[in-house]
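>>> Need a 3D model of the following:
(one chain, ligands or ions: 1)
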Amino acid sequence: MSFPDGFLWGAATSAFQIEGSPLADGAGPSIWQRFARTPGLTVGGETGDVACDHYHRMPEDVALMQRLGLQAYRFSVNWGRVLPDGTGAVNGPGLDFYDRLVDRLAEAGIEPMLTLYHWDLPAALDDRGGWLNRDVADWLADYARAVHARLGDRVSRWITLNEPWVVMDGGYVRGGLAPGHRVHAEGAMVAHHLLLAHARATAALRAEGAGNVGIAVNLEPKVAATDKPEDVAATARADAYMNRIFLDPIVHGRYPEELPEVFGASWPTFADADLDEIRTETDFFGINYYTRAVCVDDPDDAPERARRVRQPRHPYTEMGWEVYAPAFRDLMVWVRDRYGDIPQYVTENGASFYDPPQVVGGEVSDPMRIAYLHDHLLAVRDAIAAGVDVRGYFAWSLLDNVEWSQGTTKRFGLVHVDFETLARTPKQSAAFYREVIDSNGACLADAPRIPTTEAVVASAHQTASSLQEAASSNA
Ligand code: BGC
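This is a model prediction of the structure:
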C-alpha cells in the first residue's frame, strides 16, 4: 500500500526559530526576543538576532525547498512584524516579507500552510497580561484578519495556534519558555484563553472567506508503566493535561474530567457560553508527534503528578525523547476515534540527533534521522491503512534552527546550517525524503529500521536462551 494520491509532502519551520532580524522594518519585539536577551535563559546565550538569517535568505531557502522536492511548506508569521504593538496599526513592511515569501512559494510550485501563532507573542501584549488577559482572544482574531487581508488570496491552509499546551505548560506553568512564569495556578486560565482565541480567530478567518482552518496540537500517547492503580490514575491525569485539554473542548464542548484534580483550587467554573463558543468546527487537526511517555505516579511532579520513566535498551533523541514509532499510528487512530473523521495533517514530526559538527566532503551523514523518518512514515501509512484521513506530512524541520531555550545545540533539520557561516548543506536525510516524495512513499521498505523495545527484548531473550542451550549441550 502506498500513500493516497494528492497526499501533501512538506517541511515546517517557525518564525523565531529561523528568521533572525526580529526588529527589522518596524517590527515590535516579541516575548521570545525579550526572553532570549535575558542573560542565562538560553543555552549559549542565543538571542535569535540572526538565527538562520532566513529574513534575508528567504529566496535561497525557497530554492532549497524546491531542490528537496517539497510540495508544501509550513511557516509561521511573527505577529509583531505585522502589528508591532500587538494591536492597532498594521506595519506594511513587516507583512511585505510574508507577501514575498508566499509569492516565491507559488513560483516554486510549493503550497503554503500558514501558522498565525508559534509562540512569539508581541511583548506589548505581554505587558498587558499576555495569555492571562481574556482580551487576547480578540487580539488574535484582529491579527488573523490583518494577515488574511494581505495573504488570503494565496494561502489556503491556516493554523491558528501551534501547540497551545506548550504555550501553557512551558510558558506559564513550568516556565522554561517565554514568558517564563512558573505559576501552576495560571495554567487553567491560559488554556481557556488559548481556546477562546482559537475559536475567535477561526470565526474571523471564516468570515473573511478562509475555507481551511485548523489547529496544531502536540500529542504524546501516555502509557502506564505498571498496572498499579496509582500509575494508571497518574497516566490518565497526564493524558488529560496534555492530550485532551484542547481537543475535548473544541470537539465536545467540555474539559476532561481529570482537570479539576490536576489544577486543584485554581480550576474555575467556566461559563457555559464560553464552552459553547469554544466548541467549533475545525477543518483539520494538525498533529505534532515526537514521542510517547511511559508514566508513573509522582506527587512531586506538579501539576499532573506523573513522571515519565526511561525505557531501558531503547533509542532516545538528543532531546531525551524516546523513539517509538508504533505509538504514532495508534495516536492518529485515537484522534479519529475520539474526535471524529476530521482530516489530519502531520504538521510536525522529526528528531534531533547528533550530526557531525562539520560537513565532511560536502555530506552530512545522519542515519538515525533517516531511520526515524522512515519508521514514522510507515506509522502514518499504517494509520491511513486503518482508515484515518491523513492528508499530508510536514517534517520538522526544514533547517537546523534555534531550538528555543536550547539555542542552536539541538539540530532537527533536513538541511544542516553552519551557524558561523550560515551555509546550508542538505543532509542525507534530505535526499532520503526527496525519494519518499518522488515515489509518494512507495520507496519505504516495509520493515522498520529502528527495533522497538519489544523486539530488542525478544532478541535479547532469544540470544540468552540460545547461549543457555549451547552451554547445556556443551556440558
Ligand atoms: C515545536 C517546535 C520545536 C519542536 C522540537 C515543537 O514543540 O512546535 O517549534 O522546535 O517541537 O522541540
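
>>> Only C-alpha atoms from now on, for both contacts and neighbour counts.
Will do.

>>> Okay, the one residue sitting closest to the centre of the chain and Asp127: tell me how far apart.
With distances taken as C-alpha atoms, centre = their mean, the residue of the chain nearest its centroid is Asn288 (4.4 Å). Note on Asn288: its distance to Asp127, by C-alpha to C-alpha, to the nearest Å, is 30 Å.

>>> One more: Ala72?
36 Å.

>>> Next, the residue nearest to the centre of the chain: phi, psi?
With angles defined as degrees, to the nearest 10, Asn288 sits at phi -100, psi 120.

>>> can you pull up the bridge partners for it?
Applying DSSP bridges to Asn288 gives these bridge partners: Asn218, Glu348.

>>> and it, what pLDDT?
For Asn288, the pLDDT comes out at 99.

>>> ok, now Val456?
pLDDT, Val456: 69.

>>> Would you map the strands across the stretch 51-200 of the chain?
Counting by DSSP state E, counting those that start in this stretch, the stretch 51-200 of the chain has strands at residues 72-76, 111-117, 157-162.

>>> Which neighbouring elements make contact with the shortest one?
Packing partners of strand 72-76 (3 or more C-alpha pairs under 8 Å, 6 or more residues apart in numbering; DSSP states H and E): strand 8-12, strand 111-117, strand 390-396.

>>> Ok, which of those comes nearest Ala24?
Relative to Ala24, the nearest member of those by C-alpha to C-alpha is strand 111-117, separated by 18.9 Å.

>>> Within the sheet, what are the partner strands of that closest one, with directions?
Here strand 111-117 has these sheet partners by DSSP bridges: strand 72-76 (parallel), strand 157-162 (parallel).

>>> for this structure, which spans come out with low pLDDT?
Residue ranges of the chain with pLDDT under 70: 1, 357, 453, 456.

>>> Out of the strands paired with strand 111-117, the one nearest Arg434 is which?
strand 72-76 (12.7 Å).

>>> Please export the alpha-carbon coordinates of the closest one; PDB is fine.
Output of strand 72-76 as PDB, limited to C-alpha atoms (Å, rounded to 0.1, in the frame of the first residue of the first chain):
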ATOM      1  CA  ALA A  72       4.200  22.300   0.700                       C
ATOM      2  CA  TYR A  73       5.800  24.500   3.300                       C
ATOM      3  CA  ARG A  74       4.500  25.200   6.800                       C
ATOM      4  CA  PHE A  75       5.800  28.500   8.300                       C
ATOM      5  CA  SER A  76       4.600  30.900  10.900                       C
END
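
>>> one step back: out of the helices and strands packed on strand 72-76, which gets nearest to Leu373?
strand 390-396 (8.2 Å).

>>> tell me the angle of the closest one relative to strand 111-117?
Interaxial angle of strand 390-396 relative to strand 111-117 (axes from the mean of the first three to the mean of the last three C-alpha atoms, to 10 degrees): 70 degrees.

>>> how about the helices and strands packed on strand 72-76 in TSV, adding distance to Arg434 and mean neighbour count?
Shown next, in TSV, are the helices and strands packed on strand 72-76 (distance: least, C-alpha to C-alpha, whole Å; neighbours: other C-alpha atoms under 10 Å):
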stretch	distance to Arg434	mean neighbour count
strand 8-12	9	25
strand 111-117	16	24
strand 390-396	12	24
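
>>> Save these as JSON lines, and put in distance to Ile215 too.
Below are the helices and strands packed on strand 72-76 laid out as JSON lines (distance: least, C-alpha to C-alpha, whole Å):
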{"stretch": "strand 8-12", "distance to Ile215": "14"}
{"stretch": "strand 111-117", "distance to Ile215": "9"}
{"stretch": "strand 390-396", "distance to Ile215": "14"}
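
>>> All set, thanks.
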